[in-house]
Structure formats: structure tokens, C-alpha cells
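[1] I'd like to go over a predicted model; first the sequence, then the structure.
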Amino acid sequence: MDVKSYCENMRGEIEEWKSTINKHFLEADRRSADRDKALGAIHKINDRVSELEQAVDKLEKQCPADWSDERAQLDGILSEVKRLWQEATEGSPDDL
């Protein structure tokens, strides 16, 4: 896969995460039980998604011939987002 296709795919992932985060942020904000815990988890995930987006922006602008290090970094951040989401939903499925 070339860098442009990868970035396009990653942009799609980012937009899906942003939508999910916004939806659950609004829902968690309306609940009283474990509200702070749920919002804290959502904020942490949102921070990582923002970091992912910034890294994709940089990769798109630089468009290096060898981007294996950047890809590893992006894949790592995305894995971290998924792990954080899994932990948050397992810990309090009603909150997320």
C-alpha cells in the first residue's frame, strides 16, 4: 500500500473514532453514574485520536519514500486507541 492510500484509510478510521467519541461523550455527560470515570476515558481516547490525526497530517505533507517508521507509529497509536476503548467498555459497558 502506498502512503497516500494508507493516509486515506487512516483518515477514515480517524473520522469514525471522532464520531464514536462525540456520541459517547454526549451520552456519558447526561448520565450521573460513573460520569467522571467515563468522561476521563473518553478524553484519553480523544487525545490519542488527535495525536493520530496530527501524525497523518504530517505524513501526508512529507510523503516520504520510506515511511515504515511513520506507519509503525500510526499503527501503534491506533492499537492504543482500540485497547483503551476495549478497556473502557469492559470496565463500564453502560457508560460507553
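    Here it is on my side, so go on. Residues are numbered from 1 along each chain as shown.
[2] contacts, neighbours, all on C-alpha from now
    Noted.
[3] Mind pulling up the pLDDT for the most centrally placed residue in the chain?
    The chain has V49 as the residue nearest its centroid, 3.2 Å off, counting by Cα atoms, centre = their mean. Predicted confidence (pLDDT) for V49: 94.
[4] Go ahead and report the secondary structure state at D66.
    Assigned by DSSP: H, G, I helix; E, B strand; the rest coil, the conformation of D66 is coil.
[5] what about it, how many neighbours?
    10 (other Cα atoms under 10 Å).
[6] next one: the one 5 residues further on
    Residues within reach of R71, counting by other Cα under 10 Å, total 17.
[7] tell me the contacts of it?
    R71 makes contact with no residue, according to Cα atoms under 8 Å, 6 or more residues apart in numbering.
[8] That one is in what secondary structure piece?
    helix 68-91 (DSSP states H and E).
[9] try E13
    Short version, using DSSP H and E: E13 is in helix 3-30.
[10] Pull out the buried residues from the following helix or strand past that helix.
    Following helix 3-30 in sequence order, the next helix or strand is helix 35-62 (DSSP H and E). For helix 35-62, the neighbour count (16 or more other Cα atoms under 10 Å) marks 38-39, 41-42, 45-46, 48-49, 52-53, 55-56, 59 as buried.
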